[in-house]
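Colleague: Here's my sequence, what's the structure:
(one chain, ligands or ions: 1)
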Amino acid sequence: MRIVITGGAGFLGSHLVDRFLAEGYQIVVFDNLLTGRIENIAEHLGTSRFEFFEQDVTLGLDVEGRVDAVLHFASPASPVDYLRYPIQTLKVGSMGTHKALGLAKEKGARFLLASTSEVYGDPDVHPQSESYWGHVNPVGPRGVYDEAKRFAEAMTMAYHRVHGLDTRIVRIFNTYGERMRLDDGRVVSNFVVQALQGVPLTIYGDGLQTRSFCFVSDLLEGIVRLMLHEDTGMSGEGSSYMCEDLDIHLPVNIGNPFEYTVLELAQCVVDLTGISRLIEFKPLPVDDPKVRKPDVSRAMKLLSWEPKVSLQCGLESTISYFQRLLLGKEMV
Ligand SMILES: NC(=O)c1ccc[n+]([C@@H]2O[C@H](COP(=O)([O-])OP(=O)(O)OC[C@H]3O[C@@H](n4cnc5c(N)ncnc54)[C@H](O)[C@@H]3O)[C@@H](O)[C@H]2O)c1
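Modeller: Numbering: from 1, shown residues only. Presented below is the predicted three-dimensional model:
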């Protein structure tokens with residue numbers, strides 16, 4: 001199989017590249033390195049089953065030869081990144097998704113969209129199941145990401161319904177692990193890097209807002225299962241959608257259902273890094289979700305998937321990754 005991965009030089013995309021290459025697939029990556037790093041894929045450059053194009057996917061995706069699947073992961077993903085690149089985020093979610101769908105249609109390939117728990121916004125339903133339509137402020141600063149992904153989901157379903165494209169949508173909840181950037185700005189990397197540098201951990205608001213944290217290996221397993229899952233033919237044009245539960249084309253949440261307050265996460269990082277507890281409180285950003293916890297029963301039922309890595313194990317591995325990264329930076 002030959003797979004195109006947009007955003008393949010990013011945190012998640014590059015892990016997918018490793019996983020699929022290890023399983024014998026051919027991989028083509030498109031990435032403009034806006035928030036990704038060439039180091040993430042450096043070991044594969046010049047190897048026989050790997051091709052890399054440094055390119056903005058909103059400008060088009062031209063691939064010669066066969067393509068069996070298109071995984072659309074290109075998009076700034078951390079709040080720091082999408083607030084820094086609001087227009088690029090909207091463009092890659094809309095025009096980029098359109099181009100990626102166009103490639104899948106042209107090649108008769110399966111398409112998988114990396115969507116997000118942010119489609120639920122600041123939710124008034126808890127935990128969040130896929131049938132919840134969300135509570136998003138379209139004109140707030142976060143709207144650039146949330147609405148781009150909501151548009152991308154709508155576009156994906158339209159290609160499925162109109163063109164019969166074999167599509168998948170994964171709604172990814174906060175994921176962490178090796179290859180996050182030092183300045184990535186997500187809560188896990190923020191806390192770990194601050195703790196290792198001996199500066200106070202920044203908590204926005206009172207820290208009682210909740211999040212669920214999925215270790216990257218668990219997420220990858222869910223995504224691979226979703227991508228490889230065969231279509232049972234329960235949906236598409238003309239279907240009555242009587243069996244939504246079994247419809248593999250409708251979104252699937254992948255995340256860890258254990259819920260922690262941000263303060264509890266900070267405490268965990270403090271305990272595991274052994275630093276003395278130093279916390280600095282700052283105002284809560286606009287529209288910050290107060291709670292976040294996936295209902296993963298659909299993923300369990302359809303994919304026989306559930307997360308396996310505890311927060312403690314995942315954090316230990318992430319802390320040692322950031323230790324190596326900081327050490328390497330000091331030595332340069
Ligand atoms: N990591 C998470 O917790 C999480 C949660 C929800 C959803 N997601 C989704 O997963 C995907 C990957 O996220 P990530 O955490 O790896 O982020 P990331 O920023 O590390 O990776 C995104 C990649 O997309 C590339 N990119 C951005 N705009 C592009 C464009 N116009 N053309 C080509 N390449 C472009 C970046 O350079 C980067 O390599 C994103 O679509 C994100 O929305 C991630």
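Colleague: if I pick the residue sitting nearest the centre point of the chain, what's in contact with it?
Modeller: Compute the mean C-alpha point of the chain, and by C-alpha atoms, centre = their mean the closest residue is residue 172, 5.0 Å away. Shown in contact with residue 172 (C-beta atoms under 8 Å, 6 or more residues apart in numbering): 12, 114, 115, 116, 117, 214, 219, 254, 255. C-beta coordinates here come from the backbone N, C-alpha and C atoms, glycine included.
Colleague: Please name the spatially closest residue to the fifth one (chain neighbours excluded).
Modeller: Take residue 117 and drop its neighbours on the chain: the residue closest to it by C-beta to C-beta, 6 or more residues apart in numbering is residue 173, 4.4 Å away.
Colleague: Correct me if wrong: the one you found contacts residue 259.
Modeller: No - counting by C-beta atoms under 8 Å, residue 259 is not a contact partner of residue 173; they are 10.5 Å apart.
Colleague: higher neighbour count, those two?
Modeller: residue 173 (24 against 16; other C-beta atoms under 10 Å).
Colleague: ok, what's across the strand from the residue nearest to the centre of the chain?
Modeller: residue 116, residue 254 (DSSP bridges).
Colleague: how close does it sit to residue 292?
Modeller: According to C-beta to C-beta, to the nearest Å, residue 172 and residue 292 sit 12 Å apart.
Colleague: same deal with residue 252?
Modeller: Taking C-beta to C-beta, one finds residue 252 at 17 Å from residue 292.
Colleague: which of these two has more neighbours?
Modeller: Higher neighbour count among residue 252 and residue 292: residue 252, with 27 against 23, using other C-beta under 10 Å.
Colleague: show me the residues around residue 96 that make contact.
Modeller: Listed by C-beta under 8 Å, 6+ apart, the contact set of residue 96 reads 6, 57, 58, 72, 74, 75.
Colleague: correct me, but residue 272 touches residue 320?
Modeller: No - here residue 272 lies out of contact with residue 320, judged by C-beta under 8 Å, at a distance of 10.0 Å.
Colleague: out of these two, which sits in the more crowded spot?
Modeller: Neighbours per residue (other C-beta under 10 Å) separate residue 272 from residue 320, with residue 272 holding more: 16 against 12.
Colleague: for that one, helix, strand, or coil?
Modeller: With DSSP: H, G, I helix; E, B strand; the rest coil as the basis, residue 272 sits in helix.
Colleague: and the stretch 51-200 of the chain, which residues reach the ligand?
Modeller: By C-beta under 6 Å from any ligand atom, the residues of the stretch 51-200 of the chain that approach the ligand are 56-58, 73-77, 81, 88, 92, 96, 114, 116, 172, 174-175.
Colleague: Out of those residues, list just those in helices.
Modeller: 81, 88 (DSSP state H).
Colleague: Distance-wise, check residue 66 relative to the ligand.
Modeller: Distance, residue 66 to the ligand, by C-beta to the nearest ligand atom, to the nearest Å: 22 Å.
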